[in-house]
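Participant: Would you be able to build a 3D model of this:
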Amino acid sequence: MKMRDLGNSGLQVSEICLGTMTWGTQNTEAEGHAQMDQAVAAGVNFFDTAAMYPTTPASAETQGRTEEIIGTWFASGRPRDKIILATKVAGEGLKWIHNGDPITDKKIRLSVEESLTRLQTDYIDLYQLHWPNRGSYHFRQSWSYDPTGQNTEEVQANFLEVLHTLQSLIDEGKIRHWGLSNESCWGTSQYLSLADANGLTRPVSIQNEYNLLYRTYDLDLAELSHHENIGLLAYSPLAAGMLTGKYNDGQIPEGSRRSLNNNLFGRYNPHSVKAVAAYQALADKHGLDLTQMAIAFCLTRPFMASAIIGATSPEQLQTCLTAAELTLSDEVLADILDVYKAFTMPI
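Facilitator: From the prediction side, this is the model:
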């Protein structure tokens, strides 16, 4: 397993990150522990979770359960210092998490303490803002995204408050580094500028969706990543399972994500079905596994710090982990570009 720099943090993380959002609903505690063991045995040193997990589905009853499962894994004697652990503070809107309050000094401090307790650790390596208070064009919201209602001064004041809070938590040793998630180029650049102007710690990463069907990061954010040394942590590199091929021909396997959410939060639609069929034909042409090809493509991107994979079975996890061993030829990459031009933004 290759290691990559996590922005300017000085940390090196495995290019495959173990995602955890099915633990506590689709997966039991024992299965979560087994996945962590399997990933570590394959060379993974990077786990990603969040205060709101599990999400399949998300609920007040299960909120925080995923962090608890990671906590009991650490408590069972696994070495905490060998793992780069990332978690997140939930953004505005989830009523069962701090009444759906926006991200503020108070919410961050409460959330950090809760996460530390559930994770049974005294520090978090990477603490992330799950989504912006002002809204986001991610989660299929790009079709109606309108930032003109934002008040620039209010947004910047909140950013500065957040930066001071995160700096205090770093100084206290409760978090080591921090990052963004579901953020835009403007939002990220504002955090960077305000941090520099006030002598505060910069973000080291952005966790945004990135896969063969959703490549908005290729443009302005890719430029920002290059110049500012911000790494992308790609979530949904398989587009919620679409790029495994398991939903081809309208199939809905029992226990799959689509059995819980039929359109995969807007990912499954007539346009994306055609795009997946084209990528499946491409993989078949070159004798490749579609799942591994999709993950391996993400790892070719120069801004990629780590691709966050998730699985509900040991077999699925093994397929994803070994994708790191696959090198895509120039011919495959050229064919991927042709499909991308035909299906530029199907989700």
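Participant: Residue most distant from the centroid, this structure?
Facilitator: Each residue of the chain has a distance to the centre, and by C-alpha atoms, centre = their mean the biggest one is for Lys285: 30.0 Å.
Participant: Which residue comes closest to that one once chain neighbours are left out?
Facilitator: Once its chain neighbours are removed from consideration, Lys285 has its nearest residue in Asp335; the separation is 7.3 Å (C-beta to C-beta, 6 or more residues apart in numbering). C-betas here are computed from N, CA, C, even on glycine.
Participant: so the residue farthest from the centre of the chain touches Ile336, yeah?
Facilitator: No: no contact is recorded between Lys285 and Ile336 when judged using C-beta atoms under 8 Å, the distance being 11.3 Å.
Participant: residues touching Phe265, list them.
Facilitator: Residues in contact with Phe265 (C-beta atoms under 8 Å, 6 or more residues apart in numbering) are Phe139, Arg140, Ala240.
Participant: Including pLDDT, could those residues go into JSON lines?
Facilitator: Putting those into JSON lines (pLDDT from 0 to 100) gives the following:
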{"residue": "Phe139", "pLDDT": "90"}
{"residue": "Arg140", "pLDDT": "92"}
{"residue": "Ala240", "pLDDT": "94"}
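Participant: Taking the residues you listed, please make a PyMOL selection of just the buried ones.
Facilitator: Restricted to the buried members of the contacts of Phe265, where burial is judged by 16 or more other C-beta atoms under 10 Å, the PyMOL selection command reads as follows:
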select buried, resi 140+240
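Participant: which secondary structure element contains Leu232?
Facilitator: Taking DSSP states H and E as the definition, Leu232 sits inside strand 231-235.
Participant: That strand pairs with which strands, parallel or anti?
Facilitator: On the basis of DSSP bridges, the sheet neighbours of strand 231-235 come out as strand 205-209 (parallel), strand 304-309 (parallel).
Participant: Let's have those strands in JSON lines, adding distance to Glu67 and mean neighbour count.
Facilitator: What follows is the strands paired with strand 231-235, written out as JSON lines (distance: least, C-beta to C-beta, whole Å; neighbours: other C-beta atoms under 10 Å):
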{"stretch": "strand 205-209", "distance to Glu67": "16", "mean neighbour count": "25"}
{"stretch": "strand 304-309", "distance to Glu67": "16", "mean neighbour count": "26"}
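Participant: Isn't Met52 up against Ala90?
Facilitator: Yes: with contacts defined as C-beta under 8 Å, Met52 counts as touching Ala90 at a distance of 4.7 Å.
Participant: ok, back up a step: with Ser259 as the reference, name the closest of the strands paired with strand 231-235.
Facilitator: For those, proximity to Ser259 was assessed by C-beta to C-beta; strand 304-309 is nearest, at 19.9 Å.
Participant: So in the protein, where's the weakest helix or strand by average pLDDT?
Facilitator: Within the chain, judged by mean pLDDT, DSSP states H and E, the helix or strand with the poorest mean is helix 257-260; its value is a mean of 87.
Participant: ok, then the element right after that one?
Facilitator: Note on helix 257-260: by DSSP H and E, the next helix or strand toward the C-terminus is helix 270-285.
Participant: Can you name every helix or strand that that following helix contacts?
Facilitator: For helix 270-285, the elements it packs on are helix 290-300, helix 330-342, judged by 3 or more C-beta pairs under 8 Å, 6 or more residues apart in numbering; DSSP states H and E.
Participant: Deepest in the core, which of those is it.
Facilitator: Comparing the helices and strands packed on helix 270-285 on average neighbours per residue, with mean count of other C-beta atoms under 10 Å, the densest one is helix 290-300 at a mean of 22.
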